[in-house]
Each structure stands twice: as structure tokens, then as C-alpha cells.
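Asker: let me see the structure of the following:
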Amino acid sequence: MLPGVLAIIASILCLFGGTWCKFISFTEVNNSTDPVTLSYGIWNYLGYSTRNTISGEQVMMESCNYYPDNSVIIDTKWRSARAFSALTIIIGGLVTFWLGLTLLLMTSNACYNNGMVELSATALQNSLINFSGEFPTTCTMAGGGKATIAAVVMWFLAALASLKVEPPQRDPITVESHDVTYTKNQQADGTQVVTETVVKGTPVPVAAANNNETVEEGAAAADQAV
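Answerer: Okay, the predicted model is just below:
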């Protein structure tokens, strides 16, 4: 049961890390009040929008969106991360090593040359108060990346647990021999009474019983040959 539970947890983490829009992030610098964090995933990014409440208070809304056309340059490492992400979601623990390769996103253009960072900063510049619009040149790992690492560990533990857990055992199928003895007795009035006596043998597993029958048949054949 334990391997199955670990595999289910690993599958959920794998799906979470591969599809969530928070695999990597850029946190605003030079803003100690309420810094904005821009997050990006393998397939989508975390978009922001602002709404005004009835009281006039400004509220920021978040949602995962697909990358707009021509907004980012998807290099070889980013494409590899996408391919390995899709394979691991479909196949699962059979390609645990490939799941770890989705971390190639950390060394791709998504982390070092992400055009969406500048676009998002420009869009938020006129919407937020105390927004510096300055972000670091490299990313940090976010929840999706951490979930991917946890999924690799869970798949590995599930594999180890499956080696340690004994397979379920069922009771062996047995056969039982019976020795039947018939005794004929004559009564005082001349009638005959037949008495049946049944003696049950010890249950024998089917494989052992077949072996015994084979030995007996071989012995009988040898006696006939002699």
C-alpha cells in the first residue's frame, strides 16, 4: 500500500510542478514596503490585473495565462523542459530522471532573458503605487520547481518501497486423499451388512501432489519394464 500512496503523491506533485505558472520567480528590488513577485512556469505565466473596489481601494488580481506570441524567446533548454514535463506527466515514474530535467528551465531564457519581465513591469508601472519596476537579472526557484524536486524524491521512495514490500500471499490450493474400506458382515439372521469406513488423508499442496503422482507413475512404469 505504501508504494501506491507515494506514487499518488508523486503524480500530484509532478502535475502541479509541470503545469503551474510559478516554477520560477523574480521579486521586485528597491521596494521594502510591498515588493511584487513575477512568476513564470514552463507553459504559462502569472498575470496581474488591478481592480477598484466600491470603497475605491485598489486590489490586485492574479491568474495563470499562456505566453503571448513573440513575448519570449524559447531556447533549446526551455523546449527540453517542456518536452520532459509533458512526458513525465503522461508516463509518470517510469521516467523519473526526465522529470528532474524539467529544472533546465532554471538555466534557460525563462530565467536569464525573459522578455515577459519587462513587459509585466511596464504594464504595472502605471497601475501600482510605490512600484519601482526593477527586478533582478536572474530568477529564483518558486513553488513549481520545488514541487518537481519533491516529486522526484517521492518517485524514488516509491521505487524503494516497492522493493521492500512483500507481494500479497494467498493460501495454497490443496488436495486431500481419502482411504475407503468396505467391510461385509453377516448377521445372525443370515443378512449381510456392508460397512463403509472413510479415513481422510493430510491435505497436500497441488504442486506436491502432482510431483508424487509423477513419481508413482514412474515407479509403476519401471516395475512393468522389469
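Asker: pLDDT of the helix or strand containing Asn65, averaged?
Answerer: Using DSSP states H and E, Asn65 sits in strand 58-66. For strand 58-66, the mean pLDDT works out to 82.
Asker: what pLDDT, on average, does the strand or helix carrying Tyr45 get?
Answerer: Assigned by DSSP H and E, Tyr45 belongs to strand 44-52. Mean pLDDT, strand 44-52: 81.
Asker: what does that strand contact?
Answerer: 19, 21-22, 36, 38-40, 58-67, 116, 120, 123-124, 127-128 (C-beta atoms under 8 Å, 6 or more residues apart in numbering). Where you see a C-beta, it was placed from the backbone N, CA and C, and this is true even at glycine.
Asker: and those, which of them are buried?
Answerer: Neighbour counting with 16 or more other C-beta atoms under 10 Å marks 19, 21-22, 36, 38-40, 67, 116, 120, 124, 128 as buried within the contacts of strand 44-52.
Asker: where do the strands sit along this structure?
Answerer: Along the chain, counting by DSSP state E, strands occupy 24-27, 37-40, 44-52, 58-66, 140-141, 174-175, 178-186, 192-200, 204-205.
Asker: those strands: which one's closest to Ser108?
Answerer: Closest approach to Ser108 among the strands of the chain (C-beta to C-beta): strand 24-27, 9.4 Å.
Asker: stretch 136-144: which residues count as buried?
Answerer: The neighbour-count check on stretch 136-144 (16+ other C-beta under 10 Å) flags 139, 141-144 as buried.
Asker: which of the residues you listed fall within helices?
Answerer: Using DSSP state H, the subset of the buried residues of stretch 136-144 located in helices is 143-144.
Asker: pull the most distant pair out of the buried residues of stretch 136-144.
Answerer: Cys139 and Gly143 (13.0 Å).
Asker: what about Val199, distance to Ala83?
Answerer: According to C-beta to C-beta, to the nearest Å, Val199 stands 71 Å off from Ala83.
Asker: ok so, going back, including distance to Leu104, could the strands of the chain go into TSV?
Answerer: Formatted as TSV, those follow (distance: least, C-beta to C-beta, whole Å):
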stretch	distance to Leu104
strand 24-27	11
strand 37-40	14
strand 44-52	17
strand 58-66	20
strand 140-141	13
strand 174-175	58
strand 178-186	71
strand 192-200	70
strand 204-205	55
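Asker: for Leu160, which of those is the nearest?
Answerer: strand 140-141 (25.4 Å).
Asker: tell me which other helices or strands the closest one touches.
Answerer: Contact analysis of strand 140-141 by 3 or more C-beta pairs under 8 Å, 6 or more residues apart in numbering; DSSP states H and E lists strand 24-27 as its packing neighbours.
Asker: what's the weakest-modelled helix or strand in the chain?
Answerer: Least confident helix or strand, the chain: helix 206-225 with a mean of 47, by mean pLDDT, DSSP states H and E.
Asker: read off the pLDDT value for the residue in the chain sticking out farthest from the centre.
Answerer: Among the C-alpha atoms of the chain, the one most distant from their mean position (C-alpha atoms, centre = their mean) is that of Asp189, at 83.1 Å. Listed pLDDT for Asp189 reads 71.
Asker: same check on the one 5 residues further on?
Answerer: In this prediction, Val194 carries a pLDDT score of 68.
Asker: tell me the contacts of Ala151?
Answerer: 10-11, 13-14, 17, 99.
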